[in-house]
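[1] sequence plus the predicted model coming up.
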Number of protein chains: 2
Amino acid sequence: MTLNNFVFQNPTKIYFGPNQLENLPDEIKKFGLRVMLTYGGGSIKKTGLFDKVKTVLENAGMTVIEFGGIEPNPRHTTVNRGVALCKKENIDVLLAVGGGSTIDCTKVIAAARYYDGDAWDLVIHKAPIGQVMPLLTVLTLAATGSEMDEFAVISNMDTNEKLGLGDEKLRPKVSFLDPTNTYTVSAFQTAAGSADIIAHIFDVCYFSRNEKMYMLDMLMESVLKTVVRYAPIALQEPTNYEARANLMWASTWALNGFLSGGRGQATTCHAIEHELSAFYDITHGLGLAIIMPRWMEYVLDEKSAPDFKKFGVNVFGLPSNVSDMDGALAAISRFKKFLYEELHLQSSLSELKIDDTHFAAMARKACRDDVIHGYRDLAPADVENILRKCL
Amino acid sequence: MTLNNFVFQNPTKIYFGPNQLENLPDEIKKFGLRVMLTYGGGSIKKTGLFDKVKTVLENAGMTVIEFGGIEPNPRHTTVNRGVALCKKENIDVLLAVGGGSTIDCTKVIAAARYYDGDAWDLVIHKAPIGQVMPLLTVLTLAATGSEMDEFAVISNMDTNEKLGLGDEKLRPKVSFLDPTNTYTVSAFQTAAGSADIIAHIFDVCYFSRNEKMYMLDMLMESVLKTVVRYAPIALQEPTNYEARANLMWASTWALNGFLSGGRGQATTCHAIEHELSAFYDITHGLGLAIIMPRWMEYVLDEKSAPDFKKFGVNVFGLPSNVSDMDGALAAISRFKKFLYEELHLQSSLSELKIDDTHFAAMARKACRDDVIHGYRDLAPADVENILRKCL
């Protein structure tokens, strides 16, 4: 077996660090003067970031139209509202100021702007993605990597579906990553975002059936170690620049395509979590934190044990002079301690008052009438078993 | 002190792996049908790569004009000849098939195509870089990183100058990285290329005065470890795909900008080596291999010792329970063993029959009437001392 071939390109421009917003008007002007500024629940109004962005754009002669209220697990109905405003206001360019939900929603607005119909059609591939509006971002949460990737995840609460779509054209043109904009992120959201970063490395694809490339394995472990080191520090000291900067750049790297070279995607844990969020609207990173160790336990066998042991040794510094199986069990145990004790994330679905009522339906949907292809292919019965382990 | 801000963007598209040349015509056609195929000493004719590339282009209806004979340490006179042919043949797009020298020369041809005058003017910044022709590459040597960076280095043997220039527009549009194209690279060139990769990490900028980002430090060490692991394997087994693939991707990463975030450039060893190549036309990577450990010895003090020790511990796995100074000395010693025993590179200038005749002039030129700014600023006297240590 040899390494898979791959194609890699990521033209998104990144401004990293504080006080770079002065460059925002010039970057936006390349695409036009009528800007729709999208955001979420309004925390950026409290922190002053909204005013700062709006002022810098208006001082540069731009017209800023607001589109706020984008929810976590953004809805297709919100996308449709955004598209309507975009058309009505004859918008040239979109600027998402927020975390992954705001950026994801804005990406699909950008695509649906040129589609006459329900934006959901694009998400379910009923209609192809054609022209896409230019999109820039100002990131406020280290988590999804949406600031430099080609993906968006949208939820339809009518059908309990949370689905991802990917298209090169959805990639932001420019993203502003100022770690100080994450100083006000709560401990819970910081922890959940950190779990999300880890899940991206897991799923795309540290744990892979394909032949691995030594260099990329080490790079992935470096990003994982960065999260393991700095997430607890950011919880203790929310304004620690070093911690926030490392977490922010780690979130971008985890999913910008640099690390996955040739391994394809194996988004096993993500596929399962999307069902949890679709049915119960929980925080994505929290769902992932509950699922990941149980997924590891479920797929643990002689074949996967060396990989899990390696994760424990290389990321958590666990001893290597033990058997593969003992090393794997130690790694899972240490990973749980990290998620549930050091990051203080809830450790079970029961704590979220989620029971097994919808497990069968969720498992069927996660597999989409097939199996989830990944490190280990999972059939609906497997997914249901993993969910039961999460109770 | 806080991390430096930075701007990052690298839109070069990479096709990685064997048998991807079928995509070459479509990528080139975006820019035109008249292609100038540039190459070096003709090894690509011996290996069959030249015919393969030419055939795939001609079968797609393109006109291929040859421009061969680009030398190692490519000359400005060669650039000028390339520009003349380009104009005469009304070329739309350039395709460099070779290593760093071929690609660097082609980059400056691309820039000088729209400049009426000696291409050297662009190198010495006498004239600004304006429009630049589109350029693609098929890489045959893991070394310079030119396949995904914005730099080119050109030599003027009349004035004994070897100078680099950098411009975003010089970046290749697309590069084809097929590790099997490096199977025929000689042991010496493989070793020299590996030293070059290490030097890029050293100079841009593992050893930095600026505040460091933990994640990037680990990423750089990962690339260094990749070279340390696979260069000796590639020497022993030239057709080991895993070794060639890791070295090739490492060469690209070492200088594509991803790893340097905010540290600026501190190309100390490169600045010194360029003088060696300019005066004696030696292989760039070999010159770097001779200089790097002597540079470390020269700048070793209480301040640099922890950094050098860290290099030894994290890259070569040396013991960490020693003093900083002992750890630093052990790291330098281990690094020399790697370069001169495991990679079999020559270890001194005397072996290359280079004496101190021109050291004073070289030192002055390396400093360009100033000092070389870097991890430690170096005045001409420092450079001369370092060169003497290389004898």
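    Everything's here; your move.

[2] so after the helix or strand hosting A:Gln9, what's the next helix or strand?
    According to DSSP states H and E, A:Gln9 maps onto strand A:6-16. Going down the chain from strand A:6-16, the next helix or strand is helix A:24-29, by DSSP H and E.

[3] give me the low-pLDDT residue ranges for chain A?
    A:1-2, A:262, A:264-266 (pLDDT under 70).

[4] let's check: the centremost residue of it is which one?
    Chain A has A:Thr144 as the residue nearest its centroid, 2.3 Å off, counting by Cα atoms, centre = their mean.

[5] returning to what we had before: contacts for the strand holding A:Gln9, please.
    Around strand A:6-16, the neighbours that count as contacts under Cβ atoms under 8 Å, 6 or more residues apart in numbering or on different chains are A:23, A:27, A:147-148, A:168, A:171-178, A:245, A:248-249, A:252, A:256-258, A:260-262, B:5-17, B:20, B:261-262. Any C-beta I mention is one placed from the backbone N, CA and C, and that applies to glycine too.

[6] for ChimeraX, write the selection for the buried entries among these.
    Entered in ChimeraX, the line below selects the buried ones among those, by 16 or more other Cβ atoms under 10 Å in any protein chain shown:
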select /A:27,147,148,171,172,173,174,175,176,177,178,245,248,249,252,256,257,258,260,261,262 /B:6,8,10,12,13,14,15,16,17,20,261,262
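
[7] how about the helices in the stretch 201-350 of chain A?
    Taking DSSP state H, counting those that start in this stretch as the criterion, the stretch 201-350 of chain A contains helices spanning A:214-236, A:241-254, A:268-280, A:284-299, A:305-316, A:324-336.

[8] buried ones in the first one, by neighbour count?
    If I follow you right, that is helix A:214-236. Residues of helix A:214-236 classed as buried: A:214-232, A:234-235 (neighbour count, 16+ other Cβ under 10 Å).

[9] pull up the residues of the stretch 1-150 of chain A that are close to chain B.
    Selection of the stretch 1-150 of chain A residues close to chain B by Cβ under 8 Å from any Cβ of the partner chain yields A:2-20.

[10] so, in contact with chain B or not, stretch A:237-247?
    Yes: residues of stretch A:237-247 contacting chain B under Cβ under 8 Å from any Cβ: A:Tyr241, A:Glu242, A:Ala245, A:Asn246.

[11] neighbour-wise, give me the winner out of those.
    Most neighbours among those, by other Cβ atoms under 10 Å in any protein chain shown: A:Ala245, with 28 neighbours.

[12] for that one, which non-adjacent residue is closest in space?
    With Cβ to Cβ, 6 or more residues apart in numbering or on different chains as the criterion, A:Ala245 has its nearest non-adjacent residue at 4.2 Å, and that residue is A:Pro179.

[13] could you report the neighbour count for that neighbour?
    Other residues close to A:Pro179 by other Cβ under 10 Å number 25.

[14] show me what contacts it?
    A:Gly17, A:Pro18, A:Tyr241, A:Arg244, A:Ala245, A:Leu247, A:Met248.

[15] tell me how far A:Glu27 lies from A:Lys169.
    18 Å (Cβ to Cβ, to the nearest Å).

[16] now swap in A:Pro293 and tell me
    For A:Pro293, the distance to A:Lys169 equals 36 Å [Cβ to Cβ].

[17] settle it for me: which of those two has more neighbours?
    A direct count of neighbours by other Cβ under 10 Å for A:Pro293 and A:Lys169 places A:Pro293 higher, at 23 against 15.

[18] ok, that one to A:Phe16 distance?
    Counting by Cβ to Cβ, the gap from A:Pro293 to A:Phe16 is 32 Å.

[19] just A:Ile198 next, same as before
    21 Å.

[20] then A:Tyr183?
    16 Å.

[21] now A:Leu288
    A:Leu288 is 25 Å from A:Phe16, by Cβ to Cβ.

[22] neighbours around A:Ile198, how many?
    So A:Ile198, with other Cβ under 10 Å, has 28 neighbours.
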